[in-house]
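Peer 1: Sequence and computational prediction follow.
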Amino acid sequence: MSLLLSCASARTSNLFCSSQKVNGRERDLKYPIPLNHNKDLNFLIKKLAPPLTAVLLAVSPFCFPPEYLAQTLDIQRGATLFNRACIGCHDTGGNIIQPGATLFTKDLERNGVDTEEEIYRVTYFGKGRMPGFGEKCTPRGQCTFGPRLQDEEIKLLAEFVKFQADQGWPNVSTD
């Protein structure tokens, strides 16, 4: 290990090795720099251990378990759907049609729509001036005339809206 570290390349071998092979012959350097390999190895370990540990922890499945990554992807998909279907009326969690029916927690609670299940129901069937977006939404006048959303898409939207409401609608970025 110390030979690997101390004689890693031809460029650094003059600094770290007391001899060098040239054309199959070993020659002594004119001014070799003596190294205490144990001391230098300990120095390298002390200097490299913290950043390497940080890198290993950053890519560790313990820090980002598959459930966390799946939830992040669902939130991202929900944001994309929100930008496609909802942002026209609910930009940044507001409501340009009916100001008292925003997607902020206080309004959701006041209107009895503060759970993912209730957000799903309102998104699917509509409520008041908000049209329903579900594939089987009825009555016809209460439903959107635009494209309908599948059940899974409405579940993602409900999860996204609840997540954003709990966070105070910090952003709706899909980057």
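Peer 2: In hand now; what should we look at?
Peer 1: and the host helix or strand of Ala158, which residues are buried?
Peer 2: Per DSSP states H and E, Ala158 falls inside helix 151-167. Residues of helix 151-167 classed as buried by neighbour count (16 or more other Cβ atoms under 10 Å): 153-165. To be clear about C-beta, it is placed using only N, CA and C from the backbone, and glycine gets the same treatment.
Peer 1: for that helix, packing partners?
Peer 2: Applying 3 or more Cβ pairs under 8 Å, 6 or more residues apart in numbering; DSSP states H and E, one finds that helix 151-167 makes contact with helix 66-85, helix 105-110, helix 116-125.
Peer 1: before we move on, back to that, now, which of the buried residues of helix 151-167 sits nearest Thr53?
Peer 2: Phe163 (31.4 Å; Cβ to Cβ).
Peer 1: Distance check, that closest one against Gly146.
Peer 2: Look at Phe163 and Gly146: by Cβ to Cβ, to the nearest Å, they are 24 Å apart.
Peer 1: if we can go back for a sec, could the buried residues of helix 151-167 be laid out in CSV, adding distance to Ala101 and pLDDT?
Peer 2: Output for the buried residues of helix 151-167, formatted as CSV (distance: Cβ to Cβ, whole Å; pLDDT from 0 to 100):
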residue, distance to Ala101, pLDDT
Glu153, 21, 95
Ile154, 18, 96
Lys155, 21, 95
Leu156, 21, 94
Leu157, 16, 95
Ala158, 16, 95
Glu159, 19, 94
Phe160, 17, 94
Val161, 12, 95
Lys162, 16, 95
Phe163, 19, 92
Gln164, 15, 93
Ala165, 13, 94
